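Q: this is a predicted model, with the sequence first.
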Amino acid sequence: MSLGEFEQLVLLAILRLGDDAYGIRIRDEIEDRARRTTSLGAIYTALDRLEQKNLVASWTGDPTPQRGGRAKRFYRLEAAGQSALKASLAATKRMTAGVEQLLGGAR
Amino acid sequence: MKRAAIETVILTHPERDHVSDIALVGENGKIVVFDCKAHSMESHIAPGWLRRAKSGSGKSALFVEGKAEQVLFYALAANSVIMDVGIDFPPLISEPPKLAECLISLIPVKHREDLAGDLEEDYWNRFVPRHGARVARRLYWLHAVYAFLGFLARPLAGIAGLGFIRKLVEILMHRMTK
């Protein structure tokens, strides 16, 4: 299953965060590491898409007062999500092999 | 003399991280202070107040560091006099816009609560401390509209202009957070 660039970032963020992967933390992780500004709306539409593809699963945590008594929804990668991410990263790796020098100072 | 245009002030003790008092200032300037401990108000405080208190302890704590403002504030509260004072109170923190919350209630049920909770958490922890209450409320609006359009755009992907509007909102959000 092919992944879009943003979906790949979301899956990587979920993988990195482990048990603490919920909307805000995923957004922050992408902003910190990928240095890409994004919004919760974009994160949630991507998560919804990934869940429909059975690449991630979610569960609801306990409500907290800081969130107006609302619960957090946590996400984790499903086996299919891990496979899709592996395949996507491998494809990126194969495509970038040997072209780093051509890209010059790009990071 | 300048009238402080405020509705609610949260008072916290600097050494303690919990809410000690909550003062309400009505539109007529009358002040009522609830001493949480003395009057066992903690069990009667609405969840919204507590939330506001915890998140708003930063700027509102100015009132309780032994400064003249605090003394005056309590004196005014004790006498319940009209609050015409020549003090520039720090900007007060207000709740996220209710109408924007209604917009969130239109997105699919599954993500409604999660997104609303995340946006509220962001509002108190990110928007307000970084940009102040006024911009925070606008940002909350923009994020709510953006999320709403995101979920709306999928079933109505063919509608011309929807993507453009969403892009426009995205640009506005990024500009405001720069």
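A: Now that the structure is in, tell me what you want to look at.
Q: please count neighbours and contacts with C-alpha atoms only from this point.
A: Fine.
Q: show me what counts as buried in whichever helix or strand residue A:49 is part of.
A: If you go by DSSP states H and E, residue A:49 is part of helix A:40-52. Applying a neighbour-count criterion of 16 or more other C-alpha atoms under 10 Å in any protein chain shown, the buried positions in helix A:40-52 are A:40-48, A:50-51.
Q: report the longest helix in chain B, please.
A: Ranked by number of residues, the top helix in chain B under DSSP state H is helix B:128-153.
Q: right, is that helix up against chain A?
A: Yes: remark: helix B:128-153 sits within contact range of chain A at B:143-144, B:146-148, B:150-151, by C-alpha under 8 Å from any C-alpha of the partner chain.
Q: who wins on neighbours among these?
A: With neighbours defined as other C-alpha atoms under 10 Å in any protein chain shown, the most crowded of those is residue B:144; it has 26 neighbours.
Q: hmm, residue B:98 and it touching each other?
A: No: Residue B:144 is not in contact with residue B:98 according to C-alpha atoms under 8 Å; the separation is 11.0 Å.
Q: show the average pLDDT along the helix holding residue A:49.
A: Taken as a whole, helix A:40-52 has a mean pLDDT of 91.
Q: which strands or helices does it pack on?
A: Contact partners of helix A:40-52 among helices and strands, from 3 or more C-alpha pairs under 8 Å, 6 or more residues apart in numbering or on different chains; DSSP states H and E: helix A:5-17, helix A:23-33, strand A:56-64, helix B:109-122, helix B:128-153.
Q: what's in contact with that helix?
A: Applying C-alpha atoms under 8 Å, 6 or more residues apart in numbering or on different chains, the contact partners of helix A:40-52 are A:6-7, A:10, A:23-24, A:26-27, A:56-58, B:111, B:115, B:118-119, B:143-144, B:146-148, B:150-151.
Q: ok, back up a step: want to throw the helices and strands packed on helix A:40-52 into TSV with distance to residue A:87 and mean pLDDT?
A: Shown next, in TSV, are the helices and strands packed on helix A:40-52 (distance: least, C-alpha to C-alpha, whole Å; pLDDT from 0 to 100):
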stretch	distance to residue A:87	mean pLDDT
helix A:5-17	11	95
helix A:23-33	20	94
strand A:56-64	16	87
helix B:109-122	28	86
helix B:128-153	27	82
